[in-house]
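Undergrad: any chance you can model this:
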Amino acid sequence: MSVEHFDVLVVGAGLSGIGAGYHLKTRCPERSLAILEARESIGGTWDLFRYPGVRSDSDMFTLGYAFRPWKAGKAIADGASILEYIRDTAREFGIDRHIRFGHRIVSAAWSSQHALWQLQVEVGGQLRGFTCNFLYLCSGYYRYDAGHLPAFPGIERFKGRLVHPQQWPQDLDYQGKRIVVVGSGATAVTLVPSLAGEAAHVTMLQRSPSYVLSLPDTDALADGLRKVLPEKLAHKLVRAKNVLLSMFLYRLCRHRPDLAKRLIRGGMRRYLGEGFPLDPHFAPSYQPWDQRLCLVPNGDLFRALRKGSASIVTDRIEGFSEHGVRLASGQELAADILVAATGLELVPCGGIRFEVDGCPVAVGDTYSYKGLMMSGLPNAAVCVGYTHLSWTLRADLASLYVCRLLRYMARKGYSHCVAQADDPRMPAAPLLDLQSGYILRAAPLFPKQGPGAPWRQKQSYLGDLLDMRFGRLAQRNLKFHRATPAGETLQPGT
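TA: As a prediction, the model looks like this:
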């Protein structure tokens, strides 16, 4: 079996992978690079999700790349526009020429003797071999082949159509149909107003409510600044403003939750009017930002509810009839189409099996170093974005850190580095600090956080900016090594 070698292999050609490709090409041009993408197209999540109304729940001045300003008018953009932006970025900077489509990494084995990752990659149903010096995982954490579908009791009785948003049928005709959307998260609040324009009626059925925040889909300051300032400067100023506002909102929710609740409820009341019952439909049992806030641009969900083209029911599913959903309260919701907006399935590192010098390594047994390396896995980094800010803000910083690390090792003559915990049994916490069901279900599969730095991921963009761009690379828990020509001994770096 022939084997191809690259200095750096990036896994995934979505928002993170294309950004990683840009930074590696710009800052480490001497390194050979390939991006392995399991699917047949660029875009990752934004190519996968095709349900009606799919859009960002972050503003595009922070979800977009720092190196390529977002030029479109809407700050809260639809999925097709985001996908076009990612593809245009890949084409403009020549990143698309480095992508290998239909390449799914099955396993990755590290050899200390050769200071190499040896990969088995499935291509067209056959295995091919690749090696690399550094492996950068930008595959996100969604499972792409299936979403989460609960075991609905008696679903076989339902004679209508059952749809999951992650596998939305492009030929689905919902005009004039009665639709029940099961869920209360970001997908549900996006789908309901989008379907309500054509369906006979849409009911959002939720077991428990979420916090829903309305924001305008345009940015007045951005529109004004772009008229009088150079494009890149206007982009930087708006990006900085939006980062600070997002950080302020997050800290307000965490430190003054009662005030945050009043402000969120006040915003909903302005759209829904005094006669609409916020309780129980918009009164979560948890605090703001225990789960991610749901964003609705221009109050579109609230407008649909007030107009009557959509309604909301808070109850538990008891079972199904041929023509609808039976609830614990005894009510039955008529439905021609049932949309299970019931969440995602998560998978760490694209489901790759790892081993180091012949010993299997379970990702869930590792600790996360600075939120981007896994203890015990040499020359490997994983891109994990923020849970409360735009994903790309942290993805950009992670890629800059990887580039700094590669250049540092080249200057010092190191072949590889590995994060090592002083105490492999230190107290552990989940990597992702949200209480959403899909995150809690998958928590044991992901790297753990420790009790403090560098094993706890900061939820501070400014702190990460200082650390990842300017912080000292050589630290006690990051061990650097030089491999001898014969590969017989390893010498720790300083």
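Undergrad: wait, what's in contact with the residue nearest the centre of the chain?
TA: A centroid search over the chain (CA atoms, centre = their mean) returns residue 140, at 5.5 Å, as the residue closest to the centre. Residue 140 is in contact with 12, 14, 16, 44-45, 383, counting by CB atoms under 8 Å, 6 or more residues apart in numbering. Quick note: C-beta positions are derived from backbone N, CA and C, even for glycine.
Undergrad: let's have the residues you listed in CSV, adding pLDDT and distance to residue 372.
TA: Below are the contacts of residue 140 laid out as CSV (pLDDT from 0 to 100; distance: CB to CB, whole Å):
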residue, pLDDT, distance to residue 372
12, 97, 15
14, 96, 17
16, 96, 11
44, 93, 18
45, 91, 19
383, 94, 7
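Undergrad: can you name the two of these that are farthest apart?
TA: Maximum pairwise distance among the contacts of residue 140 (CB to CB): 13.1 Å, between 45 and 383.
Undergrad: neighbour count winner among those two?
TA: Between residue 45 and residue 383, counted using other CB atoms under 10 Å, residue 383 has the larger neighbour count: 30 against 20.
Undergrad: quick one, phi/psi of the more buried one?
TA: Torsion angles at residue 383 (phi, psi; degrees, to the nearest 10) stand at phi -90, psi 110.
Undergrad: do residue 133 as well
TA: In terms of degrees, to the nearest 10, the main-chain angles of residue 133 are phi -80, psi -30.
Undergrad: stretch 466-479: end-to-end distance?
TA: End-to-end distance for stretch 466-479, by CA to CA, to the nearest Å: 21 Å.
Undergrad: cool, and stretch 364-375?
TA: 11 Å.
Undergrad: pick out whichever of the contacts of residue 140 sits closest to residue 108.
TA: residue 12 (13.9 Å).
Undergrad: burial measure for the residue lying closest to that closest one once chain neighbours are set aside, as a count.
TA: Spatially, and ignoring its direct neighbours in sequence, residue 12 is nearest to residue 139 (3.8 Å; CB to CB, 6 or more residues apart in numbering). Number of residues near residue 139 (other CB under 10 Å) recorded here: 27.
Undergrad: my guess is residue 139 contacts residue 11. True?
TA: Yes: with contact defined as CB atoms under 8 Å, residue 139 and residue 11 form a contacting pair (4.9 Å).
Undergrad: now do the shared contacts for the two.
TA: 17, 349-350.
Undergrad: what residue ranges in the stretch 1-150 of the chain score low on pLDDT?
TA: 1 (pLDDT under 70).
Undergrad: can you turn the buried part of the shared contacts of residue 139 and residue 11 into a ChimeraX selection?
TA: Applied in ChimeraX, the following selects the buried portion of the shared contacts of residue 139 and residue 11 according to 16 or more other CB atoms under 10 Å:
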select :17,349,350
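Undergrad: in helices, which of the shared contacts of residue 139 and residue 11 fall?
TA: residue 17 (DSSP state H).
Undergrad: possible to save the shared contacts of residue 139 and residue 11 as CSV with distance to residue 398?
TA: Output for the shared contacts of residue 139 and residue 11, formatted as CSV (distance: CB to CB, whole Å):
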residue, distance to residue 398
17, 12
349, 14
350, 16
